[in-house]
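Visitor: next one to model:
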Amino acid sequence: MRGLRFWLGLVAVAAGVSLLIVLLDVVVKLMQVSPLALVVLLLIVVFICLRWRFFRPPSPAPSIPQFPDKLTAAQANLTALEEQLQKIRDQVTQGALQEQTEKLRTTIERQELQVVVFGVGSAGKTSLVNALLGRAQGKIAATMGTTEIGVKYRPVQIGKSTVSLVDCPGILEAGEGGKEREELARRIATRADLLLFVIAEDLKQAEFQLLQELYHLGKKIVLVWNKIDLYTKSDQAAILAKIQERLQQAHLAIETVPIAAHPAPVSLPTGEIYQPPPKLAPLLATLADILTAQTKDLIADNVLLQCQTLTTEARSVITAEREQQTQAIIDRYQWLVAAAVVANPLPLVDFLATAAVHTQMVLDIAQVYDCQISWEDGQNLVKSLVQTMTGLGLTKTAMQILNATLTVNPLGVVVKNALGGITAAYLTRIAGRSFQAYFAQQGQWGDGGITAVVQQQFALAQKEELLQKFLQQTIAHLELN
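Guide: Residues are numbered from 1 along each chain as shown. The predicted model follows:
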């Protein structure tokens, strides 16, 4: 077989060369030019064509917005997010997301850093907050679960900066309530501009995993080792060195600061009980340095992160709403097509190409995805899809699948007489899903082209649960009519 193809190809090349020679001879005689000049002219034309095809300058890449600083970038992201929220149809969901967006814009305008105190129960989080505030604000106890919800305190001055302190519920607590408080604490922590991760001893594995998780989210973290007054100087040095080594091995650029937010009382020789003041000097110095140099960037980083989260949530809502709208459109048009085919039988191969209803379906789906196309563009899309479906033999295959399914269905006898209409509806459904995939990709069929999209949608439509649901809808529709 390969030998035959080779000889046929050779004959074709020889015929082509012979024809080219004859044409050149005719041109030479008519134009009265030398064969050499004509050959040179042809070579120049070929060179120009090849140069344009293979050496033309690449099309410029889409420009990436450049911003002078992170705050400007954050403001631009908020504006883009607000525009996206306008596409959400559900007013309640849209309002909730807009409220969060407005809070982020207020955060930028106020330039007030939010410092979240996070850590395991009884690590001394509330004691640290009290010490930073300079007076007792919350209940201090050794039992877990002291802070039931995130508590936001009045702004406090640290160095030359004003910050807002938030005390999180404890993490890693037992029971269902402990899991709920930990989930709340995680949500609060992800919204922090600066995170104080408090531990009371050597870094435990569970704490370390949470620390890594928050760090890789892009959070600025200070690891606060509290209750150092319970250890000797040598033990303090050994534990601190161990913690720092572990952070370095995990490539976590996190500073560890030892403190004693509420030192243990000391018995004096006189019998009196002395309460030592908090030992916060290293932490206050670290915070002052961070706040002086990084306040704007920390706020911007946090706003950008939350913008990304809200954008993802908004896209998810919009995708779900578009899916619901598109499904309603496909349902409506598939029954229109089915009714048209049943009332006025057409060859199933031609029904998609001749029915204007499919073009209108394309336009309706395009509108859902904010794609503006003309009636002519819609017709061309329908024709391309029909040619693809016909080439794949989907009409015959669909009819066979539906016929076999209806044969074993108790209600199949009721609808089997309308098999042509049912098949038309089934193919319209696949067509609609294919157009949905096209517009969801901003008017692109993707790497595999239209054939891959149609094959994928046809395979999905054959899933038993989807096929049974389609037939149930068909039966219900026929019973209603």
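Visitor: mean confidence score for the biggest helix by length in the chain?
Guide: In the chain, assigned by DSSP state H, the helix with the most residues is helix 281-343. The average pLDDT for helix 281-343 rounds to 87.
Visitor: and if you look at stretch 169-185?
Guide: Mean predicted lDDT for stretch 169-185 stands at 76.
Visitor: distance between it and the chain's centre?
Guide: Its chain's C-alpha centre lies 28 Å from the corresponding centre of stretch 169-185 when counted by Cα atoms, centre = their mean, to the nearest Å.
Visitor: go on, stretch 210-223?
Guide: 21 Å.
Visitor: and for stretch 95-109?
Guide: Relative to the mean C-alpha coordinate of its chain, stretch 95-109 is positioned 20 Å out (Cα atoms, centre = their mean).
Visitor: same thing with stretch 72-84?
Guide: Centre to centre, stretch against its chain (Cα atoms, centre = their mean), the figure for stretch 72-84 is 17 Å.
Visitor: in it, what's buried?
Guide: For stretch 72-84, a neighbour-count test (16 or more other Cβ atoms under 10 Å) marks Ala73, Ala74, Gln75, Asn77, Leu78, Leu81, Gln84 as buried. Glycine gets a C-beta too; all of them are placed from N, C-alpha and C.
Visitor: before we move on, what about stretch 449-463?
Guide: Ile450, Val453, Val454, Gln455, Gln456, Gln457, Phe458, Ala461.
Visitor: farthest-separated two in the residues you listed?
Guide: Pairwise distances across these (Cβ to Cβ) peak at 16.3 Å, for the pair Ile450 and Ala461.
Visitor: if we can go back for a sec, so of the buried residues of stretch 72-84, which ones are in helices?
Guide: Ala73, Ala74, Gln75, Asn77, Leu78, Leu81, Gln84.
Visitor: can I get the buried residues of stretch 72-84 in JSON lines with pLDDT and distance to Gln114?
Guide: Converted to JSON lines, the buried residues of stretch 72-84 look like this (pLDDT from 0 to 100; distance: Cβ to Cβ, whole Å):
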{"residue": "Ala73", "pLDDT": "84", "distance to Gln114": "19"}
{"residue": "Ala74", "pLDDT": "82", "distance to Gln114": "15"}
{"residue": "Gln75", "pLDDT": "84", "distance to Gln114": "18"}
{"residue": "Asn77", "pLDDT": "87", "distance to Gln114": "18"}
{"residue": "Leu78", "pLDDT": "87", "distance to Gln114": "17"}
{"residue": "Leu81", "pLDDT": "88", "distance to Gln114": "19"}
{"residue": "Gln84", "pLDDT": "89", "distance to Gln114": "25"}
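Visitor: export the residues you listed to CSV and tack on distance to Ala328?
Guide: Compiled in CSV, the buried residues of stretch 72-84 are given as follows (distance: Cβ to Cβ, whole Å):
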residue, distance to Ala328
Ala73, 39
Ala74, 38
Gln75, 37
Asn77, 33
Leu78, 32
Leu81, 27
Gln84, 22
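Visitor: looking at those residues, which is nearest Trp445?
Guide: For the buried residues of stretch 72-84, the nearest to Trp445 is Gln84 (24.8 Å; Cβ to Cβ).
Visitor: got the contact list for the closest residue to that closest one other than its chain neighbours?
Guide: Excluding the flanking residues, the one nearest Gln84 by Cβ to Cβ, 6 or more residues apart in numbering is Ala314, at 5.2 Å. Contact partners of Ala314, counting by Cβ atoms under 8 Å, 6 or more residues apart in numbering, are Leu81, Gln84, Leu85, Ile88, Leu97.
Visitor: identify the farthest-apart pair in the residues you listed.
Guide: Greatest spacing in the contacts of Ala314, by Cβ to Cβ: Leu81 and Ile88 (11.3 Å).
Visitor: close enough to count as contact, Leu71 and Leu298?
Guide: No - contact between Leu71 and Leu298 fails when scored by Cβ atoms under 8 Å: they sit 10.7 Å apart.
Visitor: picking up where we left off before, ok, the buried residues of stretch 72-84 vs Leu203, which is closest?
Guide: Distances from Leu203 to the buried residues of stretch 72-84, taken as Cβ to Cβ, are shortest for Ala74 (32.2 Å).
Visitor: and the closest one, how far is that from Leu363?
Guide: 38 Å (Cβ to Cβ, to the nearest Å).
Visitor: same question for Arg187.
Guide: Between Arg187 and Leu363 the distance is 42 Å, computed by Cβ to Cβ.
Visitor: can you list the low-confidence ranges for the stretch 351-481 of the chain?
Guide: Along the stretch 351-481 of the chain, the parts satisfying pLDDT under 70 run over 351-355, 406-418, 464, 471, 474-481.
Visitor: show me the helices in it, by range?
Guide: In the stretch 351-481 of the chain, the segments counted as helices under DSSP state H, counting those that start in this stretch are 356-368, 375-391, 394-407, 412-416, 419-440, 449-461, 464-480.
Visitor: with the stretch 51-200 of the chain instead?
Guide: 70-85, 91-110, 125-133, 175-190.
Visitor: which among those is found nearest to Asp289?
Guide: Of the helices of the stretch 51-200 of the chain, nearest to Asp289 by Cβ to Cβ is helix 125-133, at 15.8 Å.
Visitor: can you list the domains in this protein?
Guide: Following automatic domain parsing, one finds the domains of the chain at 112-279, 311-480.
Visitor: for Leu287, find the nearest of the ones you listed.
Guide: Here domain 112-279 is closest among the domains of the chain (Cβ to Cβ), at 5.1 Å.
Visitor: quick check: end-to-end length of the closest one?
Guide: 25 Å (Cα to Cα, to the nearest Å).
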